[in-house]
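Enquirer: Give me the fold of what follows.
(chains A and B)
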Amino acid sequence: TQLLEQSPQFLSIQEGENLTVYCNSSSVFSSLQWYRQEPGEGPVLLVTVVTGGEVKKLKRLTFQFGDARKDSSLHITAAQPGDTGLYLCAGANAGGTSYGKLTFGQGTILTVHP
Amino acid sequence: EAGVTQSPTHLIKTRGQQATLRCSPISGHTSVYWYQQALGLGLQFLLWYDEGEERNRGNFPPRFSGRQFPNYSSELNVNALELEDSALYLCASSGGRRYTDTQYFGPGTRLTVL
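Expert: Residues are numbered from 1 along each chain as shown, chains lettered A, B, ... in the order given. The predicted structure is shown next:
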């Protein structure tokens, strides 16, 4: 069974601060996605990383996939209240019993105070 | 381009009844996935359908079943409802078996079992 450990579970910061969310596993994934979810809504895809060592930037968000494709991080620079939400990492595998399913981390609830 | 749509938005049932949830994928997508997001348990993979066939199944009892129609829309059926089935049920779609990694989610159906 593949597991993704996401940390921290809760993060409460002031506007303008930086933060990093981590996603770790003992399993290798073919790709990893990061989603953001608002209360009562479905997760919205932020990014997909597929190559070990890959770094992707989306405005103030920086995503990194570990060299061994077992871990990932999301870094937010100068957080804003609009960044508040639930952040989820999800790993995918192209074969075996995990084929077609995303394995999700437990999520990080981020609150950015003005 | 329209995203993944789900109906109904909310569904209230009593224990022992059956629930039917519906999902329409993004136009051109052939794969549909179902996930359960229960409080405190994160997103759990339920089922994957592609080209009308069930391709993978998560660790859920047989009373969770579904199907995919020729137009690629899908239905999730939950029989003999139990209180712990109360959750947000999310549907996602992707471009097919070659593109299972990136899944796009709908807004979800909130099922409440009384």
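Enquirer: Could you use CA atoms for every contact and neighbour count after this?
Expert: OK.
Enquirer: check contacts around residue 66.
Expert: I went with chain A, as the question did not name one. Each residue near residue A:66 by CA atoms under 8 Å, 6 or more residues apart in numbering or on different chains is listed here: A:52-54, A:72.
Enquirer: switch to chain B, that's the one I care about
Expert: If you count contacts by CA under 8 Å, 6+ apart, residue B:66 has them with B:47, B:74-77.
Enquirer: Residue A:99: which of these is nearest?
Expert: Among these, residue B:47 lies closest to residue A:99 (CA to CA), at 11.1 Å.
Enquirer: For the contacts of residue B:66, give me TSV that also has neighbour count, distance to chain A and secondary structure.
Expert: Listed next are the contacts of residue B:66 as TSV, based on neighbours: other CA atoms under 10 Å in any protein chain shown; distance: CA to the nearest CA, whole Å; DSSP: H, G, I helix; E, B strand; the rest coil:
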residue	neighbour count	distance to chain A	secondary structure
B:47	25	8	strand
B:74	25	16	strand
B:75	21	17	strand
B:76	21	16	strand
B:77	15	19	strand
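Enquirer: Doesn't residue A:82 belong to a strand?
Expert: No: counting by DSSP: H, G, I helix; E, B strand; the rest coil, residue A:82 falls outside a strand, being helix.
Enquirer: any idea how far residue A:14 is from it?
Expert: Computed as CA to CA, to the nearest Å, the residue A:82 to residue A:14 distance reads 12 Å.
Enquirer: and what of residue B:24?
Expert: Counting by CA to CA - residue B:24 and residue A:14 are separated by 40 Å.
Enquirer: Which one of these two is surrounded by more residues?
Expert: residue B:24 (24 against 14; other CA atoms under 10 Å in any protein chain shown).
Enquirer: Please list all residues in contact with the more buried one.
Expert: Applying CA under 8 Å, 6+ apart, we find residue B:24 in contact with B:4-6, B:72-74.
Enquirer: Quick check: strands, which of those residues are part of them?
Expert: The strands, defined by DSSP state E, take in B:5-6, B:74 from the contacts of residue B:24.
Enquirer: In contact with the one residue in chain A that gets nearest to chain B, which residues?
Expert: The nearest approach of chain A to chain B comes at residue A:42, 4.2 Å away (CA to the nearest CA). Residue A:42 is in contact with B:90, B:105-108, counting by CA under 8 Å, 6+ apart.
Enquirer: ok, which stretches of chain A are strands?
Expert: A:5-7, A:10-14, A:19-24, A:31-37, A:44-49, A:55-58, A:61-65, A:71-76, A:85-92, A:102-104, A:108-113.
Enquirer: quick one: buried residues of the third one?
Expert: Burial within strand A:19-24, assessed by neighbour count using 16 or more other CA atoms under 10 Å in any protein chain shown, is assigned to A:19, A:21-24.
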